[in-house]
Each structure stands twice: as C-alpha cells, then as structure tokens.
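Build me a model:
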Amino acid sequence: MKNLLLILLLIISTGLIACDSNKDEKATVEAEGSLLIIGGGSRPDVMLDRIIEETGLDDGENYAIVLTMSGFNPDTSGYYGERQFREKGVENIRSYDFERRDSFSESAADSLKNAALIYITGGSQSRFMEAVDAVPEIAGAIENAYRTGAMIAGTSAGAAIMSKIMITGDQANYPEYTSTFYHLEKDNMVTAEGLGLIEGVIVDQHFVERARNNRLLTAVMEYPDHKGIGISESTAILVKGNSAEVVGNSQVLVYQNRSGEAGVQNGKLGARNIQLDIYLPGETFSIQ
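Next up is the predicted model:
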C-alpha cells in the first residue's frame, strides 16, 4: 500500500513538473517578439538603425510590412512609412491597407505572420481598430507574428493600439476635441479595446509636446492597476518581455497609482501616492 502511494505521489509530482515546464515554455514563446512603441513625430536615425538591427532587415532576406489602416490617406501613409526604411537601404518592404485598399487574403495573412517587422503608421487609432474589428484575422496574424519573434512597431496612433485599454483621444464630457485634457474628471476619458499586445499599461503619445499629463493621470486614477506610460515625440520604448528600454531623443514618463484607488468629489478625481518616474534614452524600466 505504501509503495502504491509513493508511486502515485511520484506520478503527480512528475505531472506538476511537466506543467511548470510547459508554462515556462509558453512564457518563452510569448516573449520571443518585441514591441517598439513610438510617441509620434520624426523617427531619428538612432531609432531606425535600432529597428533594422533588431529585425535583421539589412540581411536582404527578412522583410517588413507597413500597415496604414490608421492613416487618413493609405497611399500617403504607405509611401512615407516605406520611405524611411528604403532610405536606410531596406528594399524588402511593402504596405497594406486592409478594407480600404487591400483584401485580407490567405497570402496577406502569411505575409504578416512571417514578417520580421510590422510597422503601424500614425493617424487614428479608432480607425485602425475598426478595420481590425471588421476582419478579426488581422489581429490574430499580428499577434502570431509577435509571439513567434517579429517586432511590432507603431507610431502615434500605432502606439496607442498596442495596449488592451486604448486611449481614443475623445472626452465624454467635452465633445470638442482638444489635444490635451483640461480637467481631471471621472468617466470623462473615452477608451476602447486595442490589440492588447502589452497588458497592465496604458500608452499615451506626443506626451511632453502636447502636455498630456492630465490625460494619463486620469487613466491611472480610473485604472489604478495599470501603469501609465507617456512617450515623447521622436522617442520610443523597446519592449522585450517585462523590460522596456527608452530609444530615441527624449523622455518617457511613467505614472503609477501606488494607492490602488481614487476618490471622487463632485465628479472630480483625487488620489494619493501617485508616483512619477522620468526615463531618458538608454535607460530601462519594468513594465510590470
């Protein structure tokens, strides 16, 4: 009887070890790709060179895809999205604008899944997600590429869509658009669901240049379990696993609501112990 119990315990423990091993393996698979989340503006040489280095686009075999569904004009967005890399000697690159210009075929899905770089242009994050909602396979192909080793890069609107909770830029209480928020109010910030490639954070862009502190402060009070990451223009974070490195010319501001809650009085938001860290190019921080 004792021997039987020992055998059962051995089987169970072996199974648990196998499960842990599978979890570790899954975590490794999920971390194979990288994200380059750009705060808008120009892409300096140091950023473009880093993209090319990380993705191996200079070897003549790997290729890049530019997605222009955020853009106001797909042809213009595609032209400039490609040109910045072509000027660096990258020839294996083409753009897609699914729904408006290109149909999402099986060959297009394969192109996305096997790309070394998927670059998402600026414009309107809501427009991009409308295209994805119309053809859910687009999101699946992007996620598959990311999980299996591709870099997913996005600038401005292309940065906002990276997180699961996506800032749309609209305000519920003030319908007329402004580039920043002038109030810290509950239920004012409008969000939607993004691609969710990075979780536990909310991304904001053009951050220093457009004084978007109030917007991100609202975000971390409304979603106290999330970090708020504000990225300046010509600046990006390179995310690998749980680590983010600042790449480019300027700063990245990270807000955390350490209290885990927010108060409300007459619709106005308040909180204690909100932490702000400001990171410079070359510095790293944890996104968890």
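
tally of neighbours for Q84?
Close neighbours of Q84, defined as other CB atoms under 10 Å, add up to 17. (Glycine included, C-beta is placed from N, CA and C.)

Can you check the pLDDT for it?
Q84 is assigned a pLDDT of 97 by the prediction.

which parts of the strand or helix carrying it are buried?
Q84 is part of helix 74-86, with elements assigned from DSSP states H and E. By 16 or more other CB atoms under 10 Å, the buried positions in helix 74-86 come out as P74, S77, G78, G81, E82, Q84, F85.

What is the burial count for the closest residue in space to L35 that isn't next to it in sequence?
Of all residues beyond its chain neighbours, the one nearest L35 is V239 (4.1 Å), with distances taken as CB to CB, 6 or more residues apart in numbering. Other residues lying near V239 total 23 when counted by other CB under 10 Å.

Which residues are in contact with V239?
Applying CB atoms under 8 Å, 6 or more residues apart in numbering, we find V239 in contact with S34, L35, L36, I37, I198, I287.

State the distance from the fifth one to G33.
Between I198 and G33 the distance is 11 Å, computed by CB to CB, to the nearest Å.

Now the closest residue to E199 other than its chain neighbours: phi and psi?
Across the structure, with CB to CB, 6+ apart as the measure, the residue nearest E199 apart from its sequence neighbours is K164 (5.4 Å). Its backbone dihedrals place K164 at phi -70, psi -40, with angles given as degrees, to the nearest 10.

Who are the contact partners of K164?
For K164, counting by CB under 8 Å, 6+ apart, the contacting residues are E193, G194, L195, G196, I198, E199.

wouldn't the fifth one be in contact with Q288 here?
Right, the one you point to is I198. No: the pair formed by I198 and Q288 falls short of the contact definition of CB atoms under 8 Å, at 10.5 Å.

Those two: which has the busier surroundings?
Between I198 and Q288, counted using other CB under 10 Å, the more crowded position is I198 (21 against 10).

so what's the more buried one bridging to?
According to DSSP bridges, the partner residues bridging I198 are S163.

And it, how close does it get to P44?
Taking CB to CB as the measure, I198 falls 23 Å from P44.

thinking again about what came up before, now the two most distant members of the contacts of V239.
For the contacts of V239, with distances taken as CB to CB, the pair at the greatest spread is L36 and I287 (13.6 Å).

More neighbours: those two, which one.
When L36 and I287 are compared on other CB under 10 Å, the one with more neighbours turns out to be L36, at 27 against 18.

How about residues contacting stretch 104-115?
For stretch 104-115, the surrounding residues in contact (CB under 8 Å, 6+ apart) are 62-65, 96, 98, 102, 118, 135, 137-138, 141-142, 144-145, 148, 150.

can we see that at 7 Å?
For stretch 104-115, the surrounding residues in contact (CB atoms under 7 Å, 6 or more residues apart in numbering) are 63-65, 96, 98, 102, 118, 135, 137-138, 141-142, 144-145, 150.

coming back round to it: list the helices and strands the helix holding Q84 packs on?
If you count contacts as 3 or more CB pairs under 7 Å, 6 or more residues apart in numbering; DSSP states H and E, helix 74-86 packs onto strand 64-67, strand 93-96.

could I get it in PDB with only the CA atoms?
Output in PDB follows, covering the C-alpha atoms of helix 74-86 (Å, rounded to 0.1, in the frame of the first residue of the first chain):
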ATOM      1  CA  PRO A  74      -3.400  54.900 -47.300                       C
ATOM      2  CA  ASP A  75      -1.200  55.700 -50.200                       C
ATOM      3  CA  THR A  76       0.500  58.700 -48.500                       C
ATOM      4  CA  SER A  77       0.900  56.800 -45.200                       C
ATOM      5  CA  GLY A  78       2.300  53.800 -47.100                       C
ATOM      6  CA  TYR A  79       4.700  55.900 -49.100                       C
ATOM      7  CA  TYR A  80       6.200  57.600 -46.100                       C
ATOM      8  CA  GLY A  81       6.100  54.500 -43.900                       C
ATOM      9  CA  GLU A  82       8.200  52.700 -46.500                       C
ATOM     10  CA  ARG A  83      10.400  55.600 -47.500                       C
ATOM     11  CA  GLN A  84      12.100  55.900 -44.100                       C
ATOM     12  CA  PHE A  85      13.300  52.300 -44.300                       C
ATOM     13  CA  ARG A  86      14.200  52.500 -48.100                       C
END
